[in-house]
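S.K.: give me the fold of what follows.
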Amino acid sequence: MTILYPVAVNAEQALARPLGRAARESEARRRAGEAVAFTTDPAGPAFPTREAALAAYGDRLEPAEPADRFCQLVEQVVAEGGRAPQPVEPTYEDGRRWPAPAPPPRTAWRLIVSYWRVPTPERPLEAPQARQARKSKQALEPDTLRAIARAPLRPVKPQQPLDIGLFETRPPEAPTS
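M.R.: Numbers count the residues shown, from 1 in each chain. Presented below is the predicted three-dimensional model:
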């Protein structure tokens, strides 16, 4: 089962009129005619209940074809007054560590769309990783080089846990070290 993700500028265009559909980055790059990035963004309005969201987007969430499964429904916390809820501090009063629980935050249901994003002047792609850019053998634009220099270092793959201490034994010539 291969999912064909839309190639579009934003999530709304991915739902309405994508430039094409692609399973891999190379296919998406050919359809867009330029570099693309895989992203997941919310689309459409927020709904107060799951049932309301299912009524509005039911056909998108349960498509007949497995290749059309690029949307999902998620529950998100609605920020009160534009701010996320603050963490609760422990109180250590009356033999209890935590205060009485606060009412749960208000949530909303959103449709999340995964798609191949085409860059725009308002929302450009991230700078490529320095090692990948160096290996690509393509001449880099000065702006791209500056963006790579300003970006934090990103690993090629996640760091593996260290094995130090698993098989260590004390040497006989220094038993106290």
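S.K.: what residue ranges in the protein score low on pLDDT?
M.R.: Applying pLDDT under 70 to the chain picks out residues 1, 82, 128, 154, 156, 162-171, 177.
S.K.: what segments of this protein are helices?
M.R.: For the chain, applying DSSP state H gives helices covering 11-16, 25-32, 50-61, 130-135, 142-150.
S.K.: most tightly packed of these?
M.R.: Ranked by mean neighbour count, the helices of the chain are led by helix 11-16 with a mean of 18 (mean count of other C-beta atoms under 10 Å). The C-beta positions use only the backbone N, C-alpha and C, and glycine is treated the same way.
S.K.: what does that one contact?
M.R.: Contact with helix 11-16 is made by 6, 7, 8, 41, 42, 43, 44, 60, 70, 71, 113, 115, as judged by C-beta atoms under 8 Å, 6 or more residues apart in numbering.
S.K.: of the helices of the chain, which is nearest residue 101?
M.R.: Of all the helices of the chain, it is helix 50-61 that lies closest to residue 101, at 22.9 Å by C-beta to C-beta.
S.K.: helices or strands up against that closest one?
M.R.: Judged by 3 or more C-beta pairs under 8 Å, 6 or more residues apart in numbering; DSSP states H and E, the packing partners of helix 50-61 are strand 37-47, strand 71-77, strand 107-117.
S.K.: show me the one of the ones you listed that comes nearest residue 142.
M.R.: Once those are compared by C-beta to C-beta, strand 37-47 is nearest, at 21.0 Å.
S.K.: how far does that closest one sit from its chain's centre?
M.R.: Relative to the chain's own centre, strand 37-47 is displaced by 11 Å; criterion: C-alpha atoms, centre = their mean, to the nearest Å.
S.K.: can you name every helix or strand that it contacts?
M.R.: Using 3+ C-beta pairs under 8 Å, 6+ apart, the elements in contact with strand 37-47 are helix 11-16, helix 50-61, strand 107-117.
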